[in-house]
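> 3D, please:
(chains A, B, C and D)
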Number of protein chains: 2
Amino acid sequence: MNVEKIIKTDKEIPLKSRTIIHFILVDVKIKETIFTALKSYGVSLQQFNVLRILRGQNGKPANLSTLNERMVTKMSNTTRLVDKLLLKGYVHRRICPSNRRKIEISITDQGIAQLERMDGAMKDAEDKILENLSQKELEQLNFLFDKF
Amino acid sequence: MNVEKIIKTDKEIPLKSRTIIHFILVDVKIKETIFTALKSYGVSLQQFNVLRILRGQNGKPANLSTLNERMVTKMSNTTRLVDKLLLKGYVHRRICPSNRRKIEISITDQGIAQLERMDGAMKDAEDKILENLSQKELEQLNFLFDKF
DNA sequence: CCTGTATATTTGTCTATACAATTGTTGAGG
DNA sequence: CCTCAACAATTGTATAGACAAATATACAGG
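Residues are numbered from 1 along each chain as shown, chains lettered A, B, ... in the order given. I've put the predicted structure just below:
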């Protein structure tokens, strides 16, 4: 990936700006690959993440606030996001008996089965995205990302 | 930034997955900082980029296809994106006389003035995002990003 | 010229996201 | 009990983005 070529400039870009631009270009590429991988399953990255969080609960349901906390983005969407998973039959939802303000969400067997199929596609996407990086370079990246 | 803490897991995440998750977390943080910086100017990151591309033309107008090519995202929005900049008085638009299919977009003096104000905010955002990284580390990052 | 094809932009529509306001529920303090 | 503040989720609305279809123009070949 050549930054200057992609954004078609012949000027020297200051290192900090270049780093940010570079990051954003990599981001576009990563999102594209992941999106393509999940597309055929009809779920968005966010929906996929919610399913993974629910699976991680090992049967224990999660309420919307918990989901929201673990997702990277904002609450307002969580209700509607779960609605979509509900329509697809991947999750179950019920009012928490001990606190009727809360909603308990859990993954269905169908959701788990679908998720297992998606896991493979996701792994392929990750492999593809990172195909040119060695183990050592991955470790370096993780080290550097910690500084953000 | 501690990945495991943020996504609240105690399981060991495979290195490749961890790298992608880590990347996405950094992305959210970067976008947030940049968005906050630009918010008070009432422009989106995309609009800001278009203004910068136009400034880079040094008076020479750019048509929509050119803009689209240099932006990272898709065409369909370019018309509407430019509409918004037009409303704000930051760009000028006219039909190309030599090829009436094309539209020439150029930045106005007002657009340049506003952009100069935004440059400062953007630089501050970049500094803040990268405050914990040394020159050497920035170079390492750029080196590693080239492998994507 | 006329026709078909390629090019450049615009428009329509659907989905996603952000933010604010609203609804329903709980629990503490008077 | 009753009221009020805090909490949990939902809904409304405005804006952004993806994708496809439509419009307008150019130009090559008969």
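> centroid residue for chain A?
A:Leu45 (4.5 Å; C-alpha atoms, centre = their mean).
> ok, the spatially closest residue to it that is not a sequence neighbour - how many residues close by?
Leaving aside its sequence neighbours, A:Leu45 sits nearest to A:Ile34 (C-beta to C-beta, 6 or more residues apart in numbering or on different chains; 5.8 Å). The way it works is simple: take the backbone N, C-alpha and C, and place the C-beta from them, glycine included. The number of residues packed near A:Ile34 is 21, by other C-beta atoms under 10 Å in any protein chain shown.
> Mind pulling up the pLDDT for A:Ile34?
Note on A:Ile34: pLDDT of 92.
> Could you pull up the residues touching it?
Neighbour list for A:Ile34: A:Leu45, A:Met122, A:Ala125, A:Ile129, B:Ile20 [criterion: C-beta atoms under 8 Å, 6 or more residues apart in numbering or on different chains].
> how about the host helix or strand of it against DNA strand C, any contact?
Assessed by DSSP states H and E, A:Ile34 sits inside helix A:15-39. No - counting by C-beta under 7 Å from any atom of the strand, DNA strand C has no neighbours in helix A:15-39; the shortest distance is 10.1 Å.
> So which residues on chain A come close to DNA strand D?
Looking at DNA strand D, the residues of chain A close enough under C-beta under 7 Å from any atom of the strand are A:63-65, A:68, A:75-76, A:78-80, A:82, A:96, A:99, A:101-103.
> Need the worst-confidence member of those.
The minimum pLDDT among the residues of chain A next to DNA strand D falls on A:Met75, with 72.
> coming back round to it: ok, now how distant is the residue nearest to A:Leu45 from B:Ser17?
12 Å (C-beta to C-beta, to the nearest Å).
> what's the answer for A:Pro97, then?
Applying C-beta to C-beta to A:Pro97 and B:Ser17 gives a distance of 36 Å.
> Compare these two (neighbour count), which wins?
Neighbour comparison, A:Pro97 and B:Ser17: the larger count goes to B:Ser17, with 14 against 8 (by other C-beta under 10 Å).
> before we move on, the earlier item: farthest pair in the contacts of A:Ile34?
A:Leu45 and A:Ile129 (13.1 Å; C-beta to C-beta).
> what are the ranges of the strands in chain A?
A:62-63, A:91-95, A:103-107 (DSSP state E).
> Let me know the average pLDDT across the second one.
Along strand A:91-95, the predicted confidence averages to a pLDDT of 94.
> Could you confirm whether any residue of that strand contacts DNA strand C?
No - Strand A:91-95 is not in contact with DNA strand C by C-beta under 7 Å from any atom of the strand; minimum separation 7.9 Å.
> Work out the gap between that strand and the centre of the chain.
Counting by C-alpha atoms, centre = their mean, to the nearest Å, strand A:91-95 is centred 22 Å from the centre of its parent chain.
> Which neighbours in the sheet does that strand have, and how are they oriented?
Here strand A:91-95 has these sheet partners by DSSP bridges: strand A:103-107 (antiparallel).
> Over to the first one?
For strand A:62-63, the pairing partners within the sheet under DSSP bridges are strand A:103-107 (antiparallel).
> check whether the strand it pairs with contacts DNA strand C.
No - against DNA strand C, strand A:103-107 shows no contacts by C-beta under 7 Å from any atom of the strand, the least distance being 10.5 Å.
> which residues are in contact with that strand?
Contacts of strand A:103-107 (C-beta under 8 Å, 6+ apart): A:51, A:54-55, A:57, A:59-64, A:67, A:82, A:90-96, A:115.
> do that again at 6 Å, thanks
A:Leu54, A:Arg55, A:Pro61, A:Ala62, A:Asn63, A:Leu64, A:Val82, A:Val91, A:His92, A:Arg93, A:Arg94, A:Cys96 (C-beta atoms under 6 Å, 6 or more residues apart in numbering or on different chains).
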